[in-house]
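A.B. asks: this one's structure only:
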């Protein structure tokens, strides 16, 4: 692997790790209160699926070690978050709903993709293309999810549910991995992360516009690094983002 590509990949790994650990304050709050309150599990379920798929992509693609390592770490972290979510679910209905989502997406959907690409597709290049296409589509969707929070910020004139550090690290994460993808000539990494960098930039601009709003000042602060797509998670739906790679 080219030394420049390797260095950028390592930087991307470090930033991605920061994104993956950003929900820790949120789950510390959940553990202390003994309840998931109004937080939703769906974003964490989707992020786990995203990391599992990118882990598979990194392990399948030659020289994909840096993609595999960071997403392996992400998969572990998201699994821990979901276990805590199941333990501290506000009610039985939310616990059952979360378990069904995990079974359907993280086990079922990923299992189908793994089985189909392993047994039904011949040729490494075709396998990489199919896995990469699925990963790219899911990542673009996840990077776009926080736009719901942007609309909410504009409507409420409050940045309470748009954590600054999360948006900032998603912006950096997308930019670094998009650069990595350009050097590696990997369109499947480039498209979603380039999109993520652009959308993260939009979030930062919106945050700058509304950061001094009096509406936001009374409650914003302690959960600044809440969760991947957590801007959407608090009342509507995470956290990572996505993602991340």
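C.D. replies: The structure has been received and is ready for your questions. From a predicted model like this one, the values you see are computed outputs, not experimental measurements.
A.B. asks: quick one: low-confidence parts of this structure?
C.D. replies: 1, 145-148, 161, 163, 214-245 (pLDDT under 70).
A.B. asks: mind listing the strands for it?
C.D. replies: Under the criterion DSSP state E, the chain carries no strands.
A.B. asks: so where do the helices sit in it?
C.D. replies: Secondary structure of the chain (DSSP state H): helices at 3-21, 24-33, 42-60, 65-87, 92-101, 110-115, 124-144, 147-156, 164-184, 187-210, 214-217, 230-233.
A.B. asks: could you dump these to a markdown table with mean neighbour count?
C.D. replies: Every C-beta, even on glycine, is put in place using the N, C-alpha and C of the backbone. Shown next, in a markdown table, are those (neighbours: other CB atoms under 10 Å):
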| stretch | mean neighbour count |
| --- | --- |
| helix 3-21 | 19 |
| helix 24-33 | 16 |
| helix 42-60 | 25 |
| helix 65-87 | 20 |
| helix 92-101 | 15 |
| helix 110-115 | 13 |
| helix 124-144 | 19 |
| helix 147-156 | 16 |
| helix 164-184 | 23 |
| helix 187-210 | 20 |
| helix 214-217 | 14 |
| helix 230-233 | 28 |
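A.B. asks: once you drop chain neighbours, what's closest to residue 190?
C.D. replies: Nearest non-adjacent residue to residue 190, counting by CB to CB, 6 or more residues apart in numbering: residue 181, 3.4 Å away.
A.B. asks: quick check, that neighbour in contact with residue 195.
C.D. replies: No. The pair residue 181 / residue 195 is not scored as a contact, 11.5 Å apart, by CB atoms under 8 Å.
A.B. asks: overlap in contacts, these two.
C.D. replies: Residues touching both residue 181 and residue 195 (CB atoms under 8 Å, 6 or more residues apart in numbering): none.
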